[in-house]
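Student: Take this sequence and fold it.
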Amino acid sequence: QVQLVESGGGLVQAGGSLRLSCAASGTGFSINNMGWYRQAPGKQRELVAAITRGGSTNYADSVKGRFAISRDNAKNTMYLQMNTLKPDDTAVYYCNADGYNAIPFKPYTAWGQGTQVTVSS
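Tutor: So this is what the prediction gives:
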């Protein structure tokens, strides 16, 4: 089973920056797409940014120009650099990944446990 562990959340003032990390672990797996989602209180979970294995990226309009997603395939790790943070960015941020397990060969989708990001005004 693939496990995802996020880190890097915390409390920051508006205008500040945070860097989230997501590390994947397990045995005999490959990762295709990875992404960051967030869920604020009373709201649905939404896609923040996504990245393919080849490095193509996609961002929510609300974070374009402020957030940058990246990944290190050799380390099975993904990052989210968040700059110029706003109070509206306050949410639990979740890491997501999909790919294939080797034995048995089958696709998977995995989620991390989430990390809290709080932006104060």
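Student: Just checking: what are the partner strands of whichever strand or helix holds residue 95?
Tutor: Assessed by DSSP states H and E, residue 95 sits inside strand 91-101. With DSSP bridges as the test, strand 91-101 is paired with strand 29-39 (antiparallel), strand 106-111 (antiparallel), strand 115-120 (antiparallel).
Student: Give me the contacts around it.
Tutor: 1-2, 4-6, 9, 20, 22, 24, 28-40, 43, 45, 48, 78, 80, 106-117 (C-beta atoms under 8 Å, 6 or more residues apart in numbering). Where you see a C-beta, it was placed from the backbone N, CA and C, and this is true even at glycine.
Student: Recalculate using a threshold of 6 Å.
Tutor: Contacts to strand 91-101, defined as C-beta atoms under 6 Å, 6 or more residues apart in numbering, come from residues 4, 6, 20, 22, 24, 29-40, 107-112, 114-117.
Student: Off-centre distance for that strand?
Tutor: 7 Å (C-alpha atoms, centre = their mean, to the nearest Å).
Student: try stretch 20-33
Tutor: Counting by C-alpha atoms, centre = their mean, stretch 20-33 comes out at 12 Å from the chain centroid.
Student: Any idea how far apart the tips of that stretch sit?
Tutor: Stretch 20-33 has an end-to-end distance of 17 Å (C-alpha to C-alpha, to the nearest Å).
Student: Then stretch 87-96?
Tutor: So stretch 87-96: terminal residues 23 Å apart, C-alpha to C-alpha.
Student: Next, please give the residue ranges for the helices of this structure.
Tutor: Taking DSSP state H as the criterion, the chain contains no helices.
Student: So which residue is smack in the middle of it?
Tutor: residue 36 (2.8 Å; C-alpha atoms, centre = their mean).
Student: Let me see the contact set for that residue.
Tutor: 48, 49, 80, 93.
Student: OK, contacts around the residue nearest to the second one when sequence neighbours are not counted?
Tutor: Once its chain neighbours are removed from consideration, residue 49 has its nearest residue in residue 69; the separation is 4.0 Å (C-beta to C-beta, 6 or more residues apart in numbering). For residue 69, the set of contacting residues under the criterion of C-beta under 6 Å, 6+ apart consists of 49, 51, 57, 80.
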